[in-house]
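Participant: Mind looking at a prediction? Sequence and model below.
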Amino acid sequence: MRTDAHGPDPGAGPRTGAEAGTGTEPDAGAEPGFGTERGTGTEPRTGTEPATGAGTPGTRSGGPRSAPGARPARPARAGRVAVSVVFAVHGTASGTFATRIPWLREHLGLSPGWLGLALVFMTAGASAAMPLAARAAHRHGPRRALAAVSLACCAGLVLPPLAPALGWLCLALFLYGCGLGLMDVAMNAQGVRVEAEYGRSVMSSLHGLWSVGTLVGGAGGVLAAHAGLDARVHLGLAAPLLAAAAVAAARWTPDREQPGEPAGTGEGVQEDAQKDGAPPRFALPTRGVVAIGLLGFCAVFAEGASMDWSGIYLADVTGAGPGLAASAYTAFACTMASARLSGDAVVRRFGPVATVRAGGTLAAAGGTLVVAARTPPAAVVGFALIGVGIAVVVPLCFAAAGRTAAAAPGQAIAGVATLAYASGLAAPAAVGWIAESTTLSASFGVVTVLLLGLVAGARVLRT
């Protein structure tokens, strides 16, 4: 689903019809990007991969794309498995760290306010580093860049528990956030490339494996915490295992920025990056990318609010006990993971616009049920519906950003991801502020309004 962000491929023949942008506009209800937009048709890729990879035509870096409906070529399937592993590693790292936040608070004796301030640095680091991912992929090749940022992310995982004081914790979280953000953009850009090779939607299942990773990492963290395992030991053991898995998997991911471009390694590529319009270190997102990012903002806001406040909502509003209150988050997380794993089939059947509209309607219905709920079961069902409804929105936003013609995939994805991260940062605090002034039910009324924004804004995915 990669569009040609740096001009026409000199090795390609003349484009015609919809591929050249001169044909008729694709059907609004169809899934965009597969055989109808620039760079996503059936034109063959030129050349073979140099000595840095497997050097035969049809390899994972230079093979022909699979025709829609056909069984994907073996290199494309290998690339999908590899990128799936990287997504799962990122999710596992995130889930593992989240479960040790209470240990950090207790170890440093932090109040909730100081801990919240420290966690802001993690989001700030991710937002600051994200725009650099596209340039790294252009200069060094997507595969090599993904391996490097995955290693940096996993290395950063061990830093927070080593911090001796609040200031050092803020620095450690900033560095860890940089790794998270770089890896996030790099793996989503690779997901876009794999999706282009497949000729059909696969981003939802990739994000589904990320969600599974968070559940696995969270479960492991809970077991470690119950066993009294020191977080420095726990994260020190987990980080190298996750790094090894991600770096090994990165070797099998795509290694071309665009059709016909040589695999990205060595000084020659670095020189070319400066000559052929490499993505800038920092650039304002285009209007189309902002529109896609705002759609993701709405979904991530609902996700952050539900993850952080669902348990408190059940306890305070419906009077649920601790065990039942915790089930709200479990229902939300499990339904979201399940919907993402099965979402690609729905997207292929109905297209991204119709899928997001239906999901937004379902999520808004869930939000309405949460606002009206005064018993625990009704609230749990409401949060589960929110999880199902928003599940595929962020994957489809990343995929749509990767197809925009105005920017390289990593650059556009960075713009969308930055808005999404900002939403994830703002949501928990905004819900708390609104609840302080009004009620927690009113807070989720605002969330429900944003969920209706998914229905109204879904058309921006028609790229």
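Facilitator: Alright, I've got the coordinates.
Participant: Off-centre distance for stretch 385-405?
Facilitator: 9 Å (CA atoms, centre = their mean, to the nearest Å).
Participant: buried sites along it?
Facilitator: 385-404 (16 or more other CB atoms under 10 Å). For the C-beta atoms, the positions are set from N, CA and C on the backbone; glycine is no exception.
Participant: Likewise for stretch 445-459?
Facilitator: Taking 16+ other CB under 10 Å as the basis for neighbour counts, the residues of stretch 445-459 that come out buried are Gly445, Val446, Val447, Thr448, Leu450, Leu451, Leu452, Gly453, Leu454, Val455, Gly457, Ala458.
Participant: Distance from it to the middle of the chain?
Facilitator: Averaging C-alpha positions (CA atoms, centre = their mean) puts stretch 445-459 20 Å from its chain's average.
Participant: was I right about Ala147 contacting Val247?
Facilitator: Yes. Because the distance of 4.8 Å satisfies CB atoms under 8 Å, Ala147 is recorded as touching Val247.
Participant: Settle it for me: which of these two has more neighbours?
Facilitator: Taking neighbours as other CB atoms under 10 Å, Ala147 and Val247 compare with Ala147 leading, 22 against 17.
Participant: Please, which helix or strand holds that one?
Facilitator: Assignment of secondary structure by DSSP states H and E places Ala147 within helix 142-156.
Participant: what pLDDT, on average, does the lengthiest helix in the chain get?
Facilitator: The residue-count maximum for a helix in the chain (DSSP state H) belongs to helix 166-198. Across helix 166-198, pLDDT averages out at 92.
Participant: And the next helix or strand past it?
Facilitator: For helix 166-198, the succeeding helix or strand toward the C-terminus, using DSSP H and E, is helix 203-226.
Participant: and the angle from the very next helix or strand once past that following helix to helix 166-198?
Facilitator: For helix 203-226, the succeeding helix or strand toward the C-terminus, using DSSP H and E, is helix 231-250. Between the axis of helix 231-250 and that of helix 166-198 there is an angle of 20 degrees, by axes from the mean of the first three to the mean of the last three CA atoms, to 10 degrees.
Participant: same for helix 231-250, what does it pack against?
Facilitator: Taking 3 or more CB pairs under 8 Å, 6 or more residues apart in numbering; DSSP states H and E as contact, the helices and strands that helix 231-250 lies on are helix 74-99, helix 101-108, helix 142-156, helix 203-226.
Participant: 10 Å - rerun?
Facilitator: Using 3 or more CB pairs under 10 Å, 6 or more residues apart in numbering; DSSP states H and E as the contact criterion, the elements in contact with helix 231-250 are helix 74-99, helix 101-108, helix 142-156, helix 166-198, helix 203-226.
Participant: tell me which residues of the helix or strand following the shortest one are tucked away?
Facilitator: Right, the one you point to is helix 101-108. The helix or strand immediately downstream of helix 101-108 is helix 112-129, counting by DSSP H and E. Taking 16+ other CB under 10 Å as the basis for neighbour counts, the residues of helix 112-129 that come out buried are Leu115, Ala118, Leu119, Val120, Phe121, Met122, Thr123, Ala124, Gly125, Ala126, Ser127, Ala129.
Participant: Perfect, I'm done here.
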